[in-house]
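Peer 1: quick one: sequence and predicted model below, then my questions.
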Amino acid sequence: MPTHPTTSPVAPGAVRKRLRGLPSFGAELPTFDVASAPAVPEALFLEWLEHAVEAGVLAPHAVTVSTAAASGEVSARVVILKDVSDEGWVFAGQATSPKGRDLDENPRAALTFFWPAVGRQVRVVGDVVRRPADEAAADFLARPPAARAAYLAGEQSAAMAPSDGLAEALAAAEVEAAAHPDDASPGWTLWSVRPASVEFWQADHSRAHVRLRYRPSDVAGEWSTDRLWP
């Protein structure tokens, strides 16, 4: 096994200085007029998503999903947003993965979108429910063949033994997926976050960042908004 030095070769304070000197956002940032914001957060999110696409943001549909186990241990990972509607914000994964186990124990999650090129962030917090099995099956079958094979090759996030051959496992899974193109994996799961809060954050180079939070109102289907201090 390779050995590693027990002390850092980095001079004290060098990393702090380097981090402070890094740019945070693009040179030109859009404005955010909260007075003209849509009545529902999903509509504003879709507006911002399309703007991010047009601005050339890579993977604007990538989202950090944060979960917590019953023990309180917190973990996060980046996945792809599958859908958003008034029924919730949808992402997917293996039921027995760490996030799947967390959500079984504690069905709440936080979603974070960050698009630094346009200085925007969207945060969603709420309860999580499983989507119907037929929706999960349709999503699995819509994945590219390589993505389905990668899922079938081994248990997501499980440790690999030294004898495990990744290339061989992927090749075998590709054959299996090709032989059964209409078979969905029963472990593939869609989860939907039902938001209790959705916050939109727009950076400003003067530090007068604009933050708008949506929360469900007392009237079913309607939302109230609050402007937050930066």
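Peer 2: Received it, and whenever you're ready, just let me know what you need.

Peer 1: quickly find the element holding the residue most central in space within the chain.
Peer 2: The residue lying closest to the centre of the chain (C-alpha atoms, centre = their mean) is residue 63, at 2.2 Å. Residue 63 belongs to strand 62-68 when assigned by DSSP states H and E.

Peer 1: who are the neighbours in contact with residue 143?
Peer 2: residue 151 (C-beta atoms under 8 Å, 6 or more residues apart in numbering). Using the backbone N, CA and C atoms, a C-beta is placed for each residue, glycine as well.

Peer 1: look up phi and psi at it.
Peer 2: When quoted as degrees, to the nearest 10, the phi and psi of residue 143 stand at phi -70, psi 150.

Peer 1: follow-up on the earlier one: how far does the strand holding residue 63 sit from the chain's center?
Peer 2: Here the centre of strand 62-68 is set off from its chain's centre by 5 Å, with C-alpha atoms, centre = their mean, to the nearest Å.

Peer 1: keeping just the C-alphas, turn that strand into CSV.
Peer 2: C-alpha atoms of strand 62-68 as CSV (Å, rounded to 0.1, in the frame of the first residue of the first chain):
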residue,chain,number,x,y,z
ALA,A,62,-27.7,18.7,-11.0
VAL,A,63,-28.8,19.1,-7.4
THR,A,64,-27.2,18.3,-4.1
VAL,A,65,-29.5,16.1,-2.0
SER,A,66,-28.9,16.2,1.7
THR,A,67,-30.4,13.6,4.0
ALA,A,68,-30.1,12.5,7.6
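
Peer 1: which residues of the chain fall in strands?
Peer 2: Assigned by DSSP state E, the chain shows strands spanning 62-68, 74-80, 83-85, 88-94, 108-115, 120-130, 188-202, 210-216, 223-228.

Peer 1: may I see the buried residues of the fifth one?
Peer 2: What it means is strand 108-115. 108-115 (16 or more other C-beta atoms under 10 Å).

Peer 1: what helices or strands is the helix or strand of the chain with the lowest mean pLDDT leaning on?
Peer 2: Least confident helix or strand of the chain, by mean pLDDT, DSSP states H and E, is helix 166-179 with a mean of 70. Counting contacts by 3 or more C-beta pairs under 8 Å, 6 or more residues apart in numbering; DSSP states H and E, helix 166-179 packs against helix 145-153.

Peer 1: the inter-axis angle of the helix it packs on versus helix 166-179?
Peer 2: Taking axes from the mean of the first three to the mean of the last three C-alpha atoms, to 10 degrees, one finds helix 145-153 and helix 166-179 inclined to each other by 110 degrees.

Peer 1: how about the closest residue in space to residue 124 that isn't next to it in sequence, what does it touch?
Peer 2: Nearest in space to residue 124, with sequence neighbours left out and distances taken as C-beta to C-beta, 6 or more residues apart in numbering, is residue 111 at 4.1 Å. Residues near residue 111 by C-beta under 8 Å, 6+ apart: 63-66, 81, 89, 91, 122-125, 193.

Peer 1: do that again at 6 Å, thanks
Peer 2: Counting by C-beta atoms under 6 Å, 6 or more residues apart in numbering, residue 111 makes contact with 63, 65, 89, 124, 193.

Peer 1: residue 136: neighbouring residues, count only.
Peer 2: 23 (other C-beta atoms under 10 Å).

Peer 1: surely it touches residue 187?
Peer 2: No: using C-beta atoms under 6 Å, residue 136 makes no contact with residue 187, being 9.2 Å away.
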